[in-house]
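**Student:** Here is a sequence with its predicted model. Questions after.
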Amino acid sequence: MMNCIRYALPILLSTSVLACTQQTPQPDRVDTLSQQDRLAELDSVIPSLMDSGSVTGLSIAIVNDSGIAWAKGFGVRSVETGEPVDENSVFEAASLSKPVFAYAVLQLVDEGLLDLDRPIVEYWDYDYVEDERFRLITPRMILSHTPGFPNWRPRGGELTINFDPGSEFSYSGEGFVYLQMAVMDITDQTLQELVAQRVFEPLGMTSSGYIWESRFEERVAMPHDDEGSVGRKYRPRAGRGNATASLHTTASDFARFIHAAMQGELLSDTLALAYLTPQVEVDTGLTWGLGIGLQDNEYGRGFWHWGDNTGYKAYTLAYPERGVGMVWFTNSENGQMILEGLLAATVGGEHPAAEWLGYEQYNAPTRLTRAALWRTIEARGVKAAIEEYYDLKRSSPAEAFDEYVLNSLGYNLLGEERFGEAIDIFKLNVDEYPDAWNPYDSLGEAFMRAGQLEAAIVYYEKSLELNPDNTNGRAMLARIKEQLRSGS
């Protein structure tokens, strides 16, 4: 017997789900809506969400078993030109680059050029890390984020292995870079050539590339910061493609990839299944497949991934058994602030992945607190904002405060090189959250940037005392001490 599920504000384009709804009518108003009515609701819901979250532009595509069911753009590609976003606008896909690359890697496995469980050094014998455990790392470990690498090595620091490869999950862009370099050596192809041959061309993804192409220029969505100002656009040159984050694509093109992954196209049955099979547990209801996140909820198993580059945010989610999937791209630093609203508007239900990511939403009490304090800083200065902080804390619910409220204000001030004011805010954060390591790390950075190196050492050391795994803090501390020793 099919279990019928009621949705909050859904776009249900799977024939099996629609059939279920028709067989067992629900009193909920949503269940009586036609597909056209549901799509019409998105036409008003999405702009409202974008306005609430200060999101500049958004492009979205929804797929079903037959292919792209609906695609549309909202907002503008640039506030300076006012040119509208549509489904063919070109965005940075950010980390949505990874599942596409992974799909090409699995084709290499199908072709016998790579074995998922054979150490990469047996294909590309290069001393990549000063830790002999790297010789145990396999493609499966990379694709499932279990090689032991951090996401990124500390700026100016060395890459390390933080746990035995294969033993636990830790999201790592460094791992994908390592695998990219290996497969480029194995195939004697650039990243662009590799993925174009195995994914873009077979799927008709004619507006996608890991490097910049001049033809993208007339359709590019420019990045915008959290204040809505246009930022600098990175255009990766030939030979500079990065499997972790440099994919440029459109909502329509990426929807073609989603549809292929839902159907298992281009892969053997064995690897199509493996792509969406849990390899490692991440959190409650969350696992990771071979290059893609997996979530289990009342709708069954879905695959998902998110993207987060400066000025660009993205998300994709699909339920293959239900025959529904979607992708959206935004050209705004605020893009993930409307993630939960977009999920509610398109598929509804519970989303362990969104909870795990932990992005502050546009209507979060903490965001409202931060906005109020920033307005006070700009109008009356940091001293007045600190007084207001205590007033708000006496009169507001506890959920309106966490360590990131003050931390983000401090970094706003650091970004404007208002070092003394930033230090005052970070000091308040340390006082408020004395057992949290990150406020100490941030205060250490503020003192370092202000040239007060001895004070920076004190707070970096406290941060490391609370969190010995703070590799960035360790690297900064070593750099400061070396600077003091050399007198530079």
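**Tutor:** Here it is on my side, so go on.

**Student:** from memory Lys271 sits against Asp110, does it?
**Tutor:** Just to correct that, residue 271 is Leu rather than Lys. Yes: using C-beta atoms under 8 Å, Leu271 makes contact with Asp110 at a distance of 5.8 Å. Placement of C-beta: from N, CA and C, glycine included.

**Student:** When those two are compared, which one has more neighbours?
**Tutor:** Per other C-beta atoms under 10 Å, whichever of Leu271 and Asp110 has more neighbours is Leu271, with 19 against 15.

**Student:** In which helix or strand does that one reside?
**Tutor:** Following DSSP states H and E, one finds Leu271 within helix 269-275.

**Student:** Name the next helix or strand downstream of that helix, please.
**Tutor:** Next along the chain after helix 269-275, taking DSSP H and E as the criterion, comes strand 280-283.

**Student:** Does anything pack onto that following strand? Which helices or strands?
**Tutor:** Packing partners of strand 280-283 (3 or more C-beta pairs under 8 Å, 6 or more residues apart in numbering; DSSP states H and E): strand 286-288, helix 352-357.

**Student:** Strands of this protein, start to end?
**Tutor:** Ranges of strands in the chain, per DSSP state E, are 57-64, 67-75, 91-92, 248-249, 280-283, 286-288, 293-297, 300-309, 312-319, 324-330.

**Student:** For Ile425, find the nearest of the ones you listed.
**Tutor:** strand 300-309 (24.2 Å; C-beta to C-beta).

**Student:** Which parts of the closest one count as buried, going by neighbours?
**Tutor:** Arg301, Gly302, Phe303, Trp304, His305, Trp306, Gly307, Asp308, Asn309 (16 or more other C-beta atoms under 10 Å).

**Student:** swap in stretch 312-325?
**Tutor:** For stretch 312-325, a neighbour-count test (16+ other C-beta under 10 Å) marks 312-320, 322-325 as buried.

**Student:** what's the burial count for Arg380?
**Tutor:** Arg380: 12 surrounding residues under other C-beta under 10 Å.

**Student:** Local confidence estimate at it?
**Tutor:** pLDDT, Arg380: 96.

**Student:** Format the buried residues of strand 300-309 as TSV; extra columns: pLDDT and distance to Glu355.
**Tutor:** Formatted as TSV, those follow (pLDDT from 0 to 100; distance: C-beta to C-beta, whole Å):
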residue	pLDDT	distance to Glu355
Arg301	94	17
Gly302	96	14
Phe303	98	17
Trp304	98	12
His305	98	16
Trp306	98	12
Gly307	98	18
Asp308	98	16
Asn309	98	22
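
**Student:** Adding distance to Pro150 as columns, could you present the residues you listed in a markdown table?
**Tutor:** A markdown table is the format used below for these (distance: C-beta to C-beta, whole Å):
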| residue | distance to Pro150 |
| --- | --- |
| Arg301 | 28 |
| Gly302 | 27 |
| Phe303 | 24 |
| Trp304 | 22 |
| His305 | 19 |
| Trp306 | 18 |
| Gly307 | 19 |
| Asp308 | 16 |
| Asn309 | 18 |
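
**Student:** of these, closest to Ile258?
**Tutor:** Taking C-beta to C-beta as the measure, Phe303 is the one of those closest to Ile258, at 8.7 Å.

**Student:** Does that closest one touch Ala272 like I think?
**Tutor:** No: using C-beta under 8 Å, Phe303 is not in contact with Ala272, being 11.7 Å away.

**Student:** bridging residues for the residue nearest the centre of the chain?
**Tutor:** Nearest to the geometric centre of the chain sits Gly307, at 3.2 Å (C-alpha atoms, centre = their mean). In this entry, Gly307 is beta-bridged to Ala314, by DSSP bridges.

**Student:** measure the residue nearest to Pro365 when sequence neighbours are not counted to Thr366 for me?
**Tutor:** Once flanking residues are discounted, Pro365 sits nearest to Ala400: 3.7 Å by C-beta to C-beta, 6 or more residues apart in numbering. Ala400 sits 6 Å away from Thr366, going by C-beta to C-beta, to the nearest Å.

**Student:** before we move on, what about Asp226?
**Tutor:** Going from Asp226 to Thr366 by C-beta to C-beta gives 15 Å.

**Student:** do the same with Gln263
**Tutor:** Gln263 is 41 Å from Thr366, by C-beta to C-beta.

**Student:** again with Glu432
**Tutor:** Relative to Thr366, Glu432 is positioned 13 Å away (C-beta to C-beta).

**Student:** residues bridging contact with the two, i.e. touching both?
**Tutor:** Both Glu432 and Thr366 are contacted by Phe401, under the criterion C-beta atoms under 8 Å, 6 or more residues apart in numbering.

**Student:** Mind pulling up the pLDDT for Asn3?
**Tutor:** On the pLDDT scale, Asn3 gets 29.

**Student:** got it, and Gly239?
**Tutor:** Looking at Gly239, its pLDDT is 86.

**Student:** Same check on Val230?
**Tutor:** pLDDT, read off for Val230, is 98.

**Student:** What is the neighbour count of it?
**Tutor:** Val230, neighbours per other C-beta under 10 Å, totals 17.

**Student:** The one 10 residues further on too?
**Tutor:** If you count neighbours by other C-beta under 10 Å, Arg240 ends up with 15.

**Student:** With the one 4 residues further on instead?
**Tutor:** Using other C-beta under 10 Å, Thr244 is surrounded by 20 other residues.

**Student:** So for the nearest residue to it once chain neighbours are set aside, what's the pLDDT?
**Tutor:** Leaving aside its sequence neighbours, Thr244 sits nearest to Gly173 (C-beta to C-beta, 6+ apart; 4.1 Å). pLDDT for Gly173: 98.

**Student:** Gly173 reaches Arg153, doesn't it?
**Tutor:** No: look at Gly173 against Arg153 with C-beta under 8 Å: they stay out of range, at 9.8 Å.

**Student:** ok, the two, which is more surrounded?
**Tutor:** Using other C-beta under 10 Å, the more surrounded residue of Gly173 and Arg153 is Gly173, with 20 against 17.

**Student:** Pull the contacting residues for that one.
**Tutor:** With C-beta under 8 Å, 6+ apart, Gly173 has these contacts: Ser95, Asn151, Trp152, Thr244, Ala245.

**Student:** for the lengthiest helix in the chain, packing partners?
**Tutor:** The single longest helix within the chain, with elements called by DSSP state H, is helix 35-53. Here helix 35-53 touches strand 57-64, strand 67-75, helix 339-346, going by 3+ C-beta pairs under 8 Å, 6+ apart.

**Student:** Let's see that with 10 Å instead.
**Tutor:** strand 57-64, strand 67-75, strand 324-330, helix 339-346 (3 or more C-beta pairs under 10 Å, 6 or more residues apart in numbering; DSSP states H and E).

**Student:** Direction included, what does the second one pair against?
**Tutor:** Here strand 67-75 has these sheet partners by DSSP bridges: strand 57-64 (antiparallel).

**Student:** now the helices for the stretch 51-200 of the chain?
**Tutor:** Taking DSSP state H, counting those that start in this stretch as the test, the helices found in the stretch 51-200 of the chain are 97-110, 139-143, 173-187, 191-195.

**Student:** Looking at these, which one is packed in the most?
**Tutor:** Ranked by mean neighbour count, the helices of the stretch 51-200 of the chain are led by helix 139-143 with a mean of 25 (mean count of other C-beta atoms under 10 Å).
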